[in-house]
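[1] I need the structure of the sequence given here:
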Amino acid sequence: MTRIKLSWLNWRRLIIDAPDLSFGAKSMALYLNTYMNDSQDMAFPSLERIIGEMNLGSKTTAIKYLNDLCENGYLQRQKRFGNSCVYYAAVPHSITESVLMDDSTVVQNLEHSSPESETTVVQNLEPNNQENNQSNNQVMQGGKRSIPPCPYQKIIDLYHEKLPMCPKVVVLSDLRKRALNARWRNGMHGMDNWELYFDDVSRSKFLTGQVDPPPGRRQFIADFDFLIRESTIVKTQEGKYHRA
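    Numbering: from 1, shown residues only. Okay, the predicted model is just below:
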């Protein structure tokens with residue numbers, strides 16, 4: 001199994017651009033990335049922490065997203081102790097060296113992968129040594145991760161960019177700030193997550209007003225307030241608005 005230094009590889013960008021991953025799986029990968037060590041290649045948050053901080057609601061949903069990443073070659077999982085696991089960033093072999101070389105921020109000197117393996121592990125470090133425990137703890141303050149302030153206007157600007165068919169936001173009210181801040185601190189911190197979310201919304205005919213309404217009813221199109229509800233984000237992650 002070939003090892004690659006993650007500084008040569010923009011794993012986050014690969015995750016965002018991956019056509020074979022669901023929004024939920026991409027969100028999971030970006031969440032794990034916030035816990036990765038100094039080499040940015042491995043993390044080991046507990047399943048309970050993942051469920052709580054991503055506000056997933058069930059163990060089944062968390063495992064589904066983790067399995068999606070593993071089965072598509074973007075993550076490798078190794079048992080640690082008890083029920084805990086170490087998660088390693090990985091690169092599917094379907095992403096060839098020539099494709100990676102197209103992005104100057106990605107790979108400088110990519111080694112040819114071993115023919116026996118189907119996935120290239122970015123790096124395979126001892127998961128339970130002092131250095132890695134310390135590096136994972138660097139993102140913690142007082143038992144909680146340090147999360148930057150919610151960039152309200154950037155999220156609104158991204159909404160306008162990704163969803164030009166949806167109603168425009170004119171006023172950034174205190175109510176909207178409170179809603180955004182709640183989402184930001186419960187699984188949606190990081191603009192990458194919002195980019196993935198709005199991209200997923202744009203693929204929903206129902207949310208973007210492309211479904212004919214029943215007789216006598218107005219056509220529905222999601223506005224900003226509807227999209228920043230916790231229930232809407234969860235349903236979008238689970239694909240419930242993509243069945244039309």
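
[2] Checking the residue lying farthest from the centre of the chain next. Helix, strand or coil?
    Within the chain, Gly216 marks the point farthest from the mean C-alpha position, 39.4 Å out by Cα atoms, centre = their mean. Classification of Gly216 by DSSP: H, G, I helix; E, B strand; the rest coil places it in coil.

[3] Tell me the confidence at it?
    At Gly216, the model reports a pLDDT of 87.

[4] Residue nearest the middle of the chain, spatially speaking?
    Short answer for the chain (Cα atoms, centre = their mean): Ser27, at 2.0 Å.

[5] Find the residue closest to it in space, skipping its chain neighbours.
    Nearest in space to Ser27, with sequence neighbours left out and distances taken as Cβ to Cβ, 6 or more residues apart in numbering, is Asn193 at 5.8 Å. Any C-beta I mention is one placed from the backbone N, CA and C, and that applies to glycine too.

[6] hang on, the residue nearest to the centre of the chain in a strand?
    No - under the criterion used here (three-state DSSP), Ser27 is helix, not part of a strand.

[7] I'd like the distance between it and Asn181.
    In this view, Ser27 and Asn181 are 18 Å apart by Cβ to Cβ, to the nearest Å.

[8] Parallel or antiparallel, list what pairs with the lengthiest strand in the chain.
    Longest strand in the chain, counting residues (DSSP state E): strand 85-92. Paired neighbours of strand 85-92 in the sheet (DSSP bridges): strand 42-43 (antiparallel), strand 75-79 (antiparallel), strand 119-121 (antiparallel).

[9] Tell me how the chain divides into domains.
    As given by automatic domain parsing, the domain ranges for the chain are 6-145, 152-237.

[10] right, and those domains - which one's nearest Arg243?
    Proximity to Arg243, assessed across the domains of the chain by Cβ to Cβ, is greatest for domain 152-237 (7.9 Å).

[11] end-to-end on the closest one?
    End-to-end span of domain 152-237 (Cα to Cα, to the nearest Å): 21 Å.

[12] Next one: the residue farthest from the centre of the chain from Phe206, what distance?
    Distance of Gly216 to Phe206, given as Cβ to Cβ: 18 Å.
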